[in-house]
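Trainee: pasted the sequence and its predicted model underneath.
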Amino acid sequence: MKTNQVIECEFCKIIRGEAPAEILYKDQHVIAILDIKPIHYGHILVIPRTHSATFLEVPEDQLANIIKVTKIVSEALVDALKPPGFNIFSNNGKAAGQSVFHFHFHITPRYSDDNIRFVLKLKKYQNDAMALYANRIRQCINSHHMLEVH
């Protein structure tokens, strides 16, 4: 990533204190803020301080901290707002709906009558297609991580 992309990143500006945000939590690795365009009031973004465009670019040694903070602020959201449910998700890449290219998790409260639905056209594997997809993915896991998956 070019330095000017990091300098112009909305989340990097918030992390550096150059842009306003409602900061809910911060430590040396992670910051959590309220989303300025929430799905529901209380929608939180958990953002690593180190710039990585997508989940796949986040250094492995930072993942535990991001998940830990995601749990802390999720618990606080549930305690504070008492929603009957919540979602944790991340959009990675433009096709997935990512609009700020600095990896982050969304945590949003959910309500039984909120009419938010993923409209899915679920597919069904035909013949041996499921095994073919599984083999392709397993080969990549094995070649990248030298793991044996059973």
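Mentor: In hand now; what should we look at?

Trainee: what number of residues lie near residue 29?
Mentor: Using other C-beta atoms under 10 Å, residue 29 has 15 neighbouring residues. In short, each C-beta sits where N, CA and C put it, glycine included.

Trainee: for the nearest residue to it once chain neighbours are set aside, give me its contacts.
Mentor: Distances taken as C-beta to C-beta, 6 or more residues apart in numbering put residue 65 closest to residue 29, at 4.1 Å, once the chain neighbours are dropped. By C-beta atoms under 8 Å, 6 or more residues apart in numbering, the contact set of residue 65 is 27, 29, 30, 48.

Trainee: ok, now which ones touch the second one?
Mentor: In other words, residue 29. So, once contact is read as C-beta under 8 Å, 6+ apart, residue 29 ends up touching 48, 49, 50, 62, 65, 66, 69.

Trainee: ok, now with 10 Å
Mentor: Shown in contact with residue 29 (C-beta atoms under 10 Å, 6 or more residues apart in numbering): 48, 49, 50, 61, 62, 64, 65, 66, 68, 69.

Trainee: try the third one
Mentor: Remark: with contacts taken as C-beta under 10 Å, 6+ apart, residue 30 is in contact with 15, 46-50, 62, 65-70, 72-73, 104-105.

Trainee: between all of the contacts of residue 65, which two are separated the most?
Mentor: Using C-beta to C-beta, the pair of these lying farthest apart is 27 and 48, separated by 10.7 Å.

Trainee: so what's the residue count around the closest residue to residue 34 other than its chain neighbours?
Mentor: What sits nearest to residue 34 in space, not counting adjacent residues and going by C-beta to C-beta, 6+ apart, is residue 22, at 4.2 Å. Residue 22: 10 surrounding residues under other C-beta under 10 Å.

Trainee: same thing with the one 4 residues further on?
Mentor: Applying other C-beta under 10 Å, we find 14 residues neighbouring residue 26.
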